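Undergrad: okay, predicted coordinates and the sequence, questions at the end:
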Amino acid sequence: MYYPPAYPPAVDVPNAENRRGVKWAGPDARKAYDMNTTPDYPIGTPGSPWGAPEVALWRSRQRVQRSYAQDVLEAVDLLRERFDVAPYGQLNYGTDHYPLLAVRSRRWDETLPSALVTGGVHGYETSGVHGALQFLDRHTAGYEGRVNLLVVPCVSPWAYERIQRWNAEAVDPNRSFVTDSPAGESGALMALLAPMGDQWLVHIDLHETTDTDESEFRPALAARDGKPSGPGMIPDGFYLVGDSENPQPRFQQAIIEAVAKVTHIAPADPQGEIIGSPVVSPGVINYPVKSLGLCAGVTDARYRTTTEVYPDSPRATPQQCNDAQVAAVCAAIEFGLAHRD
Ligand SMILES: [Zn+2]
């Protein structure tokens, strides 16, 4: 089922310096771009943060467009012959109930290093979920006896079904990996990991950057928080977000090299940046992941990163996006195993 978009569709604003052009939304796109202001989001009052009525209105506009039970729970069921499946909680939103599942190596060996793979922290970022499932199904044979694997394929199932960034309370799970998390999705994952300690060598968190970030999710964020928002650029290609407090440039570069064989890597913009952050090496930017409450900071893994696949490129198919996520996961684990000391 499709639903009327909550925001006017994106249009291209030509920009000679950017070969894809700046994506911006609404009929007054050029005006909006020139004035560096955002057209009004259809919920709330510009300049005022949302309260409960605005959140409820926003939630009422979200529609189920795909099935977590069918796409994720059934896929996980098929993995039960080869892996242990660990339930780690349930999210309850009204009459909707979402069991949360992690998939782990059958023979967990405390003497081995461990790798964590998370997908679907942003539910709309499809290849994060399906890349994690594809990795489990097809690419784990070589890791037995070398590394313990814990894969959480869909951290935010309510949003997966609605192709949304936020959870049902208009909270971004990927800013919520903090003490007393405001997001049940993040809190449940933190509770799963808490008793597992510091065994993590690698953590890779699978994401996408999409055109709807610019047309819907950034304007929604500005509206929710009562802040202005200007246009940004959506990079054309894959990139990584490393940890500025633990950057591990060789690790990030090993992943970029592996993914470049599958899909194109995002170039820096004319300012030498990707989404407003300096490009520190081809296809890599860094954020302070722990202080931002990002999932990539949920463990103390020495090697940690966030993938950003770009699914809206005419040069990338959905399968290629899944393959890019898998290539990133495999390269991350192999690098970690080769550089333990
Ligand atoms: Zn994301």
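TA: On my side now, so go ahead. Remember, predicted model here, so these are calculated numbers, not experimental data. Numbering: from 1, shown residues only.

Undergrad: near the ion, which residues of the stretch 151-300 of the chain?
TA: Contact residues, the stretch 151-300 of the chain versus the ion (C-beta under 5 Å from the ion): His207. Bear in mind the C-beta positions are built from the backbone N, C-alpha and C, glycine included.

Undergrad: quick one, helices of the stretch 151-300 of the chain?
TA: Using DSSP state H, counting those that start in this stretch, the helices of the stretch 151-300 of the chain run over 157-162, 184-193, 211-212, 218-225, 249-260.

Undergrad: mean confidence for the last one?
TA: When you say that, I think you mean helix 249-260. Mean pLDDT, helix 249-260: 98.

Undergrad: buried residues of that helix, list them for me.
TA: Buried residues in helix 249-260, counted by 16 or more other C-beta atoms under 10 Å: 251-256, 258-260.

Undergrad: give me every residue that touches Trp166.
TA: Applying C-beta atoms under 8 Å, 6 or more residues apart in numbering, we find Trp166 in contact with 159, 172-173, 220.

Undergrad: are any of these buried, and which?
TA: Buried subset of the contacts of Trp166 (neighbour count, 16+ other C-beta under 10 Å): 159, 172-173, 220.

Undergrad: which pair of those spans the longest distance?
TA: Farthest-apart pair in the buried ones among the contacts of Trp166 is Pro173 and Ala220; separation 14.8 Å (C-beta to C-beta).

Undergrad: and Thr306, backbone torsions?
TA: The phi/psi pair for Thr306 (degrees, to the nearest 10) reads phi -120, psi 130.

Undergrad: quick one, strands of the stretch 51-200 of the chain?
TA: Secondary structure of the stretch 51-200 of the chain (DSSP state E, counting those that start in this stretch): strands at 84-93, 96-104, 114-119, 148-152, 200-208.

Undergrad: adding mean pLDDT, mean neighbour count and distance to Leu78 as columns, could you present those strands in TSV?
TA: Shown next, in TSV, are those (pLDDT from 0 to 100; neighbours: other C-beta atoms under 10 Å; distance: least, C-beta to C-beta, whole Å):
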stretch	mean pLDDT	mean neighbour count	distance to Leu78
strand 84-93	98	14	11
strand 96-104	98	19	11
strand 114-119	98	27	17
strand 148-152	98	24	14
strand 200-208	98	26	20
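
Undergrad: low pLDDT regions in this structure?
TA: Along the chain, the model assigns pLDDT under 70 to residues 1-39.

Undergrad: in it, where's the longest helix?
TA: Counting residues, the longest helix found in the chain (DSSP state H) is helix 318-338.

Undergrad: so which bits of it are buried?
TA: Using 16+ other C-beta under 10 Å as the test for burial, helix 318-338 gives 320-337.

Undergrad: hmm, that helix in reach of the ion?
TA: No: counting by C-beta under 5 Å from the ion, the ion is not contacted by helix 318-338; separation bottoms out at 12.1 Å.

Undergrad: which residue sits closest to the residue of the stretch 1-150 of the chain found nearest the ion in space, ignoring its chain neighbours?
TA: Nearest residue of the stretch 1-150 of the chain to the ion: His122, at 3.5 Å (C-beta to the ion). Leaving aside its sequence neighbours, His122 sits nearest to Arg165 (C-beta to C-beta, 6 or more residues apart in numbering; 5.2 Å).

Undergrad: go on, Leu189?
TA: Val155 is the one closest to Leu189 (C-beta to C-beta, 6+ apart), at 5.7 Å.

Undergrad: isn't the one you found up against Cys295?
TA: Yes: the criterion here is C-beta atoms under 8 Å, and Val155 meets it with Cys295 at 7.2 Å.

Undergrad: overlap in contacts, the two.
TA: Counting by C-beta under 8 Å, 6+ apart, the contacts common to Val155 and Cys295 are 118, 121, 173, 186, 189.

Undergrad: which residues sit in contact with the last one?
TA: Just to be clear, that refers to Leu189. Contacts for Leu189 (C-beta under 8 Å, 6+ apart) come out as 88, 100, 118, 152, 155, 177, 295, 298.

Undergrad: equivalent analysis for the first one, please.
TA: The contact partners of Thr118, taken as C-beta under 8 Å, 6+ apart, are 132, 151-152, 155, 189, 203-206, 295, 298.

Undergrad: could you redo the last one with a cut-off of 7 Å?
TA: Taking C-beta atoms under 7 Å, 6 or more residues apart in numbering, we find Thr118 in contact with 152, 155, 205-206, 295.

Undergrad: also the fourth one?
TA: Taking C-beta under 7 Å, 6+ apart, we find Ser186 in contact with 173, 176-177.

Undergrad: now the contacts of Leu189 in a markdown table, with distance to Gly226?
TA: A markdown table is the format used below for the contacts of Leu189 (distance: C-beta to C-beta, whole Å):
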| residue | distance to Gly226 |
| --- | --- |
| Tyr88 | 35 |
| Leu100 | 32 |
| Thr118 | 30 |
| Val152 | 33 |
| Val155 | 27 |
| Phe177 | 24 |
| Cys295 | 26 |
| Val298 | 29 |
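
Undergrad: appreciated, that's everything.
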